[in-house]
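Peer 1: This is a predicted model, with the sequence first.
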Amino acid sequence: MPSKYQVFVKDLRAACNMRGVEPEHIGHAGRSRSYDLFKVTLNPRRKRAVCFVCGVHGNETSGPASAIEFLRTYRSEPSHPRIIILPNANPSGYDRDTYRNDRNLNPNRHFSDRPLTGEVAALYRAIAHEPLEAFASFHEDDVKKGSYLYGFARPAADPELFRTLIRAASRHGPICTDTRIYRRRAEKGVIGRPVADGSFEWRMHDDGVPYAICMEVPDVLSMRNCIRINVGVMEAMVRWWSM
Ligand SMILES: [Zn+2]
């Protein structure tokens, strides 16, 4: 029987094949280093780039499924940016359906480590040189009943993007309108102030990426529903750079 991650890689290759793109091998993950990590690039010649990262927490499987759905359904237009996808960032966690990886680490607390190690190093290296306008990581929340996002903007960036993404999410499910989400101030589904927590989004913000986003969908919704929300948000991000 193929493992869960092997099935994912097969689906990823099939979705890429349909588009005529090849997933790029960017390194290994796992204590046994037996998991291949991949990166997929669409519209490679475009100057500006956006990046989607899925599955940093292994049991939040709607992210990786959304990456595949986006690859299956996305229609490229000349005005669109380069789209870089890290479709499954924590394969050892994905394979065992655990939040952490197989070294019992939460990868999303180690992106500011020096030096970076394991899959965290491979993922960071794969995008650090890209001319990123925006970075978004796709997660699930097992407490809240609505979607929300952490949106970190550099001074020159327009925070209207975050409201645009929340509007896109609201077409497919409820938004969390709490004024505090995990003790952080929130406004209509947007948590605005970055915290140096070692997350991938913090590191990208700290590196100077104009927009760094962590999207959270409520896992009480069906998988289909979560995928619709995530793909809707991905499409809205791509459209933002076509205007
Ligand atoms: Zn998560």
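Peer 2: Happy to help now that I have it.
Peer 1: Only C-alpha atoms from now on, for both contacts and neighbour counts.
Peer 2: OK.
Peer 1: Longest strand in the protein, please.
Peer 2: Longest among the strand segments of the chain by residue count, using DSSP state E, is strand 132-141.
Peer 1: Please work out which residues outside that strand touch it.
Peer 2: Strand 132-141 is contacted by residues 48-57, 60, 62-63, 200-201, 204, 209-219, 230 when judged by CA atoms under 8 Å, 6 or more residues apart in numbering.
Peer 1: Wait, residue 80 touches residue 237, no?
Peer 2: No: using CA atoms under 8 Å as the test, residue 80 is too far from residue 237 to be in contact (9.9 Å).
Peer 1: Show me what from the chain comes close to the ion.
Peer 2: 57, 139 (CA under 5 Å from the ion).
Peer 1: what about the residue of the chain found nearest the ion, neighbour count?
Peer 2: Going by CA to the ion, the ion is nearest to residue 139 of the chain, at 4.3 Å. Residues lying near residue 139 (other CA atoms under 10 Å) number 26.
Peer 1: swap in residue 114?
Peer 2: As a burial measure, residue 114 scores 8 neighbours (other CA under 10 Å).
Peer 1: Equivalent analysis for the one 5 residues further on, please.
Peer 2: Neighbour count of residue 119, defined by other CA under 10 Å: 25.
Peer 1: Let me see the confidence value for it.
Peer 2: pLDDT for residue 119: 95.
Peer 1: which SSE is it in?
Peer 2: helix 118-127 (DSSP states H and E).
Peer 1: Can you give the contact residues for the longest helix that the chain contains?
Peer 2: Identified as the longest helix of the chain according to DSSP state H is helix 223-240. Contacts to helix 223-240, defined as CA under 8 Å, 6+ apart, come from residues 50, 52, 62-63, 65-67, 69-70, 74, 80-81, 83, 138, 161, 164-166, 168-173, 217-219.
Peer 1: And stretch 26-38, by the same measure?
Peer 2: Contact with stretch 26-38 is made by 23-25, 39, 86-92, 101-103, 118-119, 122-123, 126, as judged by CA under 8 Å, 6+ apart.
Peer 1: Need the buried ones from these selected in PyMOL.
Peer 2: Here the buried members of these are turned into a PyMOL selection, burial being counted by 16 or more other CA atoms under 10 Å:
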select buried, resi 23+39+86+87+88+89+90+91+92+101+102+119+122+123+126
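Peer 1: from what I can see residue 175 touches residue 189, true?
Peer 2: Yes: here residue 175 lies in contact with residue 189, judged by CA under 8 Å, at a distance of 6.1 Å.
Peer 1: measure the nearest residue in space to residue 156 that is not next to it in sequence to residue 136 for me?
Peer 2: Leaving aside its sequence neighbours, residue 156 sits nearest to residue 210 (CA to CA, 6 or more residues apart in numbering; 7.3 Å). Separation of residue 210 from residue 136 (CA to CA, to the nearest Å) stands at 11 Å.
Peer 1: quick one, which of those two is more surrounded?
Peer 2: A count of neighbours by other CA under 10 Å puts residue 136 above the other of residue 210 and residue 136, at 25 against 19.
Peer 1: What's opposite that one in the beta bridge?
Peer 2: Taking DSSP bridges as the rule, residue 136 bridges to residue 52, residue 213.
Peer 1: Can you get me a residue count around residue 195?
Peer 2: As a burial measure, residue 195 scores 12 neighbours (other CA under 10 Å).
Peer 1: Neighbours of the nearest residue to it once chain neighbours are set aside, how many?
Peer 2: Nearest non-adjacent residue to residue 195, counting by CA to CA, 6+ apart: residue 202, 6.9 Å away. Neighbour count for residue 202, taken as other CA under 10 Å: 25.
Peer 1: just residue 10 next, same as before
Peer 2: The number of residues packed around residue 10, counting by other CA under 10 Å, is 12.
Peer 1: sec struct for it, please.
Peer 2: helix (DSSP: H, G, I helix; E, B strand; the rest coil).
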